[in-house]
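Undergrad: need a structure here:
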Amino acid sequence: MEAEDDTAGTIIDEDEICINGGNDAQSSQRHRPIISGEQLDVEAYAALYTGRTKTTRLLFIAERCGVQSMQLEALRMAYDEIKKGENTQLFRDVLAKIAGRLGPNYGPDNAWADAVDRRAELRREKLENELNAYRTNLIKESIRMGYNDFGDFYYLHGQLGEAFKNYVRTRDYCTTSKHIVHMCLNAILVSIEMGQFTHVTSYVSKAEQSQDALDPVTIAKLRCAAGLAHLEGKKYKLAARKFLETGPELGNSYTEVIAPQDIATYGSLCALATFDRAELKSKVIDNVNFRNFLELVPEIRELINDFHTSHYASCLEYLGNLKANLLLDIHLHDHVETLYEQIRSKAIIQYTLPFVSVDLNMMANAFNSSVTGLEKELAGLITNDQIQARIDSHNKILYARHADQRNGTFQRVLQTGSEFDQEVRAMLLRANLIKHEYSLKSSRKH
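TA: Below you'll find the predicted structure:
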């Protein structure tokens with residue numbers, strides 16, 4: 001085992017094992033999950049977001065949910081949301097996915113699309129003429145604003161590549177730190193939409209260099225963006241730290257990228273998968289700022305408390321109920337299986353850590369698992385040196401392997417003595433070489 005309590009010298013009794021797993025009736029009643037595997041409320045979910053990400057998330061749900069009623073609801077809301085903007089290409093894509101299944105009110109609207117395209121062409125020509133005039137007059141601030149307006153125009157019409165280029169071009173015309181931060185935030189927004197998270201990391205770092213222009217809300221936005229970049233790169237511990245450092249000042253000011261509920265969910269799952277018990281207590285449970293986010297998602301708050309208090313059955317039940325909806329999250333879906341596997345492995349390790357022996361039947365009951373399945377999980381953890389133990393398959397008992405501290409101490413003493421002997425011999429050899437001027441004579445021969 002990695003560490004042991006003072007009571008590790010005796011086999012734990014049945015009652016204590018049950019308490020650790022959360023199997024007693026009173027504990028089960030107190031920690032019964034308050035959620036169920038109900039279908040995601042698409043309308044309530046979409047209301048958390050604004051801008052392009054709202055439409056993108058709705059289309060992602062429609063593509064992944066596998067439930068026709070939910071799919072049609074997501075497509076209907078995406079259709080309505082797109083009609084509020086000017087992205088005609090996305091409108092046509094949604095029409096193709098709807099395929100006439102929502103009736104005549106959600107069919108082609110060529111008059112609207114043509115009108116939007118005409119206005120867009122006029123707007124583009126106007127912006128182009130203004131920018132050319134600014135460049136002729138060499139007014140840096142006007143040129144910066146011209147490129148920025150072009151970036152906004154292309155972003156509004158879904159041309160993310162062009163939007164990114166124009167936002168980045170403003171960099172050469174920034175005259176203050178605030179201008180640089182504004183440029184970085186625009187570049188980060190478009191990069192997240194395009195899935196270019198290397199750019200996100202780069203522009204977060206650039207913005208953080210302008211400390212004098214960073215207010216608490218901007219700092220919170222940058223930490224969210226950095227957290228998403230680390231999450232995408234599967235650097236879960238770094239992602240957890242960034243989300244946990246996000247201040248409550250953020251509120252609903254970054255809903256074009258992320259909702260406060262997402263910060264609680266992403267940060268908590270990454271922390272559960274990578275933090276040890278002490279870090280979980282100090283950086284998550286006792287984190288006053290992060291508590292504001294956790295209050296928005298009670299089931300996440302409860303599963304963290306259950307994990308920390310070793311009520312693993314309740315914790316894993318919460319996770320099981322949340323899984324279907326988490327798989328519909330545009331940023332988290334690729335990481336759910338990995339995070340869940342790491343959280344479960346950590347729970348198993350923590351369960352076995354204080355004990356000399358554990359009854360696998362009771363442990364399987366605590367984890368709502370079969371004994372055979374649990375044995376396979378334990379064997380994998382033992383093979384990977386995550387648990388120092390051996391399994392008695394006949395009696396279904398896990399025995400901890402205790403290091404022989406006396407023998408270990410002797411081995412370390414012998415190794416230290418051997419290293420000291422080598423060092424002394426090397427010093428004596430060097431002293432004799434210097435004494436007889438061996439190196440000097442050798443150099444003179446050449």
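Undergrad: Arg390 falls within a strand, correct?
TA: Yes: counting by DSSP: H, G, I helix; E, B strand; the rest coil, Arg390 is part of a strand.
Undergrad: Let me see the contact set for it.
TA: Listed by C-beta atoms under 8 Å, 6 or more residues apart in numbering, the contact partners of Arg390 are 382, 398-399, 401. (C-beta placed from N, C-alpha, C; glycine too.)
Undergrad: Let's see that with 7 Å instead.
TA: 399, 401 (C-beta atoms under 7 Å, 6 or more residues apart in numbering).
Undergrad: Please report the distance of it from Ala400.
TA: 8 Å (C-beta to C-beta, to the nearest Å).
Undergrad: Glu232 too?
TA: In terms of C-beta to C-beta, Glu232 sits 38 Å off from Ala400.
Undergrad: burial count for Gly247?
TA: 14 (other C-beta atoms under 10 Å).
Undergrad: nearest spatial neighbour of it, skipping sequence neighbours?
TA: Ala220 (4.7 Å; C-beta to C-beta, 6 or more residues apart in numbering).
Undergrad: What residues sit buried inside the host helix or strand of that neighbour?
TA: Per DSSP states H and E, Ala220 falls inside helix 216-232. Across helix 216-232, burial judged by 16 or more other C-beta atoms under 10 Å covers 218-232.
Undergrad: Can you check the pLDDT for Gln422?
TA: Listed pLDDT for Gln422 reads 93.
Undergrad: Then it would be within a helix, right?
TA: Yes: membership of Gln422 in a helix is supported by three-state DSSP.
Undergrad: Distance check, it against Leu433.
TA: In this structure, Gln422 and Leu433 are 17 Å apart, going by C-beta to C-beta.
Undergrad: more crowded one of these two?
TA: Leu433 (13 against 10).
Undergrad: Could you check how far that one is from Met183?
TA: From Leu433 to Met183 the distance is 63 Å (C-beta to C-beta).
Undergrad: Name the surrounding residues that touch stretch 376-387.
TA: With C-beta under 7 Å, 6+ apart, stretch 376-387 has contacts from 345, 348-349, 352, 389, 391, 398.
Undergrad: what's the most distant pair in those residues?
TA: Ser345 and Ile391 (15.9 Å; C-beta to C-beta).
Undergrad: and Asp149, how many residues sit next to it?
TA: Using other C-beta under 10 Å, Asp149 has 17 other residues around it.
Undergrad: which residues in the stretch 201-350 of the chain form strands?
TA: Using DSSP state E, counting those that start in this stretch, no strands are found in the stretch 201-350 of the chain.
Undergrad: Run through it and note the low-pLDDT ranges.
TA: Filtered on pLDDT under 70, the stretch 201-350 of the chain yields no residues whatsoever.
Undergrad: rerun at 90
TA: 210-214, 251, 276-278, 309-318, 320, 341, 344-350 (pLDDT under 90).
Undergrad: Quick one: the helices in it, in order.
TA: Taking DSSP state H, counting those that start in this stretch to define them, one finds helices in the stretch 201-350 of the chain at 216-232, 236-245, 260-274, 277-279, 288-294, 298-308, 312-326, 336-352.
Undergrad: Mind putting those into CSV with distance to Ser202?
TA: Formatted as CSV, the helices of the stretch 201-350 of the chain follow (distance: least, C-beta to C-beta, whole Å):
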stretch, distance to Ser202
helix 216-232, 9
helix 236-245, 15
helix 260-274, 21
helix 277-279, 28
helix 288-294, 26
helix 298-308, 31
helix 312-326, 28
helix 336-352, 25
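Undergrad: Among these, show me which one is buried the most.
TA: helix 260-274 (a mean of 25; mean count of other C-beta atoms under 10 Å).
Undergrad: That one vs helix 312-326, what angle?
TA: Interaxial angle of helix 260-274 relative to helix 312-326 (axes from the mean of the first three to the mean of the last three C-alpha atoms, to 10 degrees): 130 degrees.
Undergrad: helices and strands around helix 260-274, which ones?
TA: helix 216-232, helix 236-245, helix 288-294, helix 298-308, helix 336-352 (3 or more C-beta pairs under 7 Å, 6 or more residues apart in numbering; DSSP states H and E).
Undergrad: Show me the helices in the stretch 1-150 of the chain, by range?
TA: Going by DSSP H, counting those that start in this stretch, the stretch 1-150 of the chain shows helices at 14-21, 25-30, 42-46, 51-64, 68-83, 88-98, 110-137, 140-156.
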